[in-house]
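>>> Okay, sequence plus prediction incoming.
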Amino acid sequence: MMLLRSMLVSFFLLSMSISWAQEGFPGREKFPDIPYIELEDFYKGYTNNEYIIVDVRSQFEYNVIQVKGSHNIPLGNDDYESKITALAQKTTKPIVFYCNGRRCMKSYKAAVQSK
């Protein structure tokens with residue numbers, strides 16, 4: 001009986017991990033017009049100072065951990081759009097938005113709101 005339970009739990013975990021891998025980043029499906037950067041390409045651009053990086057998470061989340069050199073402009077702030085506009089006027093570099101986690105939609109929403 002214990003072996004059967006172990007096998008069932010293992011099968012469940014395997015099927016969940018396969019499902020999660022297929023799901024990938026769900027925001028990509030919901031926001032097909034928003035371009036994204038793969039992590040390896042982002043890292044290359046980051047190390048070459050090719051981007052302006054905007055962390056759209058809350059100030060608290062930013063204070064816990066952030067990408068070095070990023071700007072914290074929380075998506076929920078009333079002055080979000082004016083701050084993004086001001087930042088865009090100061091540079092010709094692409095602005096890259098991020099939040100943490102595979103399911104985080106803030107970066108996609110930030111990009112839509114900033115168009």
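Happy to help now that I have it. Numbers count the residues shown, from 1 in each chain.
>>> Near residue 25, how many other residues are there?
A count of nearby residues for residue 25, using other C-beta atoms under 10 Å, gives 15. Backbone N, C-alpha and C define where each C-beta goes, glycine included.
>>> Can you check the pLDDT for it?
We have a pLDDT of 71 for residue 25.
>>> Same question for residue 107.
pLDDT, residue 107: 78.
>>> Tell me where this protein has strands.
Counting by DSSP state E, the chain has strands at residues 52-55, 71-72, 95-98.
>>> quick one, which of those is packed in tightest?
Among those, ranked by average contacts under mean count of other C-beta atoms under 10 Å, first place goes to strand 52-55 (a mean of 22).
>>> Restricting to C-alpha, output that strand in PDB.
In PDB, the C-alpha atoms belonging to strand 52-55 read as follows (Å, rounded to 0.1, in the frame of the first residue of the first chain):
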ATOM      1  CA  ILE A  52      17.400  50.900 -18.500                       C
ATOM      2  CA  ILE A  53      15.900  48.500 -16.000                       C
ATOM      3  CA  VAL A  54      12.700  49.300 -14.200                       C
ATOM      4  CA  ASP A  55      11.500  47.100 -11.300                       C
END
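>>> And it, what does it pack against?
Judged by 3 or more C-beta pairs under 8 Å, 6 or more residues apart in numbering; DSSP states H and E, strand 52-55 is in contact with strand 71-72, helix 80-89, strand 95-98.
>>> lowest confidence element among the helices and strands of the protein?
Least confident helix or strand, the chain: helix 2-23 with a mean of 38, by mean pLDDT, DSSP states H and E.
>>> Please verify my assumption that residue 66 contacts residue 56.
No - contact criterion C-beta atoms under 8 Å: residue 66 and residue 56 do not qualify, at 11.3 Å.
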